[in-house]
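Novice: Build me a model:
(one chain, ligands or ions: 1)
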Amino acid sequence: MSPSSLSRLSGSPAEQPADGGAPRHVAIIMDGNGRWAAARGLPRLEGHRRGVEALRRAVRSAYDLGVRYLTLYSFSSENWTRPAEEVSDLLNLLRLFIRRDLTDLHRENVRVRVIGEREGLPRDIAKLLDDAESLTRANTGLNLVVAFNYGGRQEIVSAVRRIATAVQEGRLDPAAIDVASISDHLDTADMPDPDLVIRTSGELRLSNFLLWQSAYAEFVFLPRFWPDFDRADFEEAIASFRSRQRRYGGRAARAGA
Ligand code: FPP
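Specialist: Here you go, the predicted model:
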């Protein structure tokens, strides 16, 4: 993160505001970079560049608003099917983001985690992701979870394979497989499920994002394109979240009931 961006974070981690009812885990589908650029007659790359700026703003807002986990859908398993030039632009933006912002993130006590398939990634990208995780492993502030080469179905397939192997090797009794054991084999094993999933750009779908983990998440769909996403949008989404009654399949508590 550039000095001008994270230096504007309010207070040190120790002075972070109490959460005030903020969702513990917010996950965002950052959609609409291409349409944002097209609407201005700009190349898609410019939309993605502005998308990275919006990403920096989102990290700052999450930190200020007391969110503990922020998961950002940066590159899906399906994004490889885009034209080679766009894939290369997105990979370059990730390289730039980590090289420029990692030191600041670390200084701000942010712990970077990466979910998604690491195998088959360009070697330098895999190393950057590993380095970002190792450098920040002991940090105790915001958890910034970068979903890169991530697909919810693929993640579940990998989990099922590992569980099947454990059964085959006699380490696990099939009757003992439950919700927790599946959660424990996902990339997000030690993280809380998302409380709030935000998607920008007006599309109303999940696009293979955190399929298992979002079972009881609240959803907020915003019409704005991702490069325009700002602090006010983040606050609006959280206000909407706070107005919801989460029942997890149970019944609403009634006074005197
Ligand atoms: C959707 O825009 C966005 C993505 C493909 C992923 C998000 C990417 C960024 C925020 C920039 C890159 C950042 C990193 C760190 C890799 P879209 O192209 O699908 O927009 P469209 O639906 O309007 O075409």
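Novice: Pairing partners for the strand or helix carrying residue 147, with directions?
Specialist: Assigned by DSSP states H and E, residue 147 belongs to strand 143-150. If you go by DSSP bridges, strand 143-150 pairs up with strand 69-76 (parallel), strand 111-115 (parallel).
Novice: what about that strand and the ligand, touching?
Specialist: No: Strand 143-150 lies out of reach of the ligand by CB under 6 Å from any ligand atom, never closer than 6.9 Å. Using the backbone N, CA and C atoms, a C-beta is placed for each residue, glycine as well.
Novice: Likewise for stretch 51-61?
Specialist: Yes: under the criterion of CB under 6 Å from any ligand atom, stretch 51-61 makes contact with the ligand via 51, 52, 55.
Novice: The spatially most central residue of the chain and residue 221, how far apart?
Specialist: Using CA atoms, centre = their mean, the residue of the chain that lies closest to the mean C-alpha position is residue 71, 1.6 Å off. According to CB to CB, to the nearest Å, residue 71 stands 17 Å off from residue 221.
Novice: Check residue 115 too.
Specialist: 22 Å.
Novice: Looking only at neighbour counts, state which of those two leads.
Specialist: Using other CB atoms under 10 Å as the criterion, residue 115 and residue 221 rank with residue 115 on top: 22 against 17.
Novice: Off-centre distance for the helix or strand containing residue 125?
Specialist: Taking DSSP H and E as the criterion, residue 125 maps to helix 123-136. Taking CA atoms, centre = their mean, to the nearest Å, one finds helix 123-136 lying 17 Å from the centre of the chain it belongs to.
Novice: same deal with stretch 125-142?
Specialist: Mean C-alpha position of stretch 125-142 versus that of the full chain (CA atoms, centre = their mean) differs by 15 Å.
Novice: Show me what counts as buried in that stretch.
Specialist: Buried positions in stretch 125-142, judged by neighbour count with 16 or more other CB atoms under 10 Å: 125, 126, 128, 129, 132, 136, 139, 141, 142.
Novice: Also stretch 85-94?
Specialist: 89, 90, 91, 93, 94.
Novice: check whether it contacts the ligand.
Specialist: Yes: using CB under 6 Å from any ligand atom, stretch 85-94 reaches the ligand at 90, 93, 94.
Novice: Please look at the first one and residue 83 and confirm they touch.
Specialist: No: under the criterion of CB atoms under 8 Å, residue 90 is not in contact with residue 83, lying 10.9 Å apart.
Novice: Flag every residue of the stretch 151-257 of the chain that's near the ligand.
Specialist: By CB under 6 Å from any ligand atom, the residues of the stretch 151-257 of the chain that approach the ligand are 201, 226.
Novice: Which stretches in the stretch 151-257 of the chain count as helices?
Specialist: Secondary structure of the stretch 151-257 of the chain by DSSP state H, counting those that start in this stretch: the helices cover 152-168, 179-183, 231-242.
Novice: Tell me the one of the residues of stretch 85-94 next to the ligand nearest residue 235?
Specialist: Nearest to residue 235 among the residues of stretch 85-94 next to the ligand: residue 93, at 26.3 Å, using CB to CB.
Novice: and the closest one, that one's in a helix?
Specialist: Yes: assignment of residue 93 by DSSP: H, G, I helix; E, B strand; the rest coil places it within a helix.
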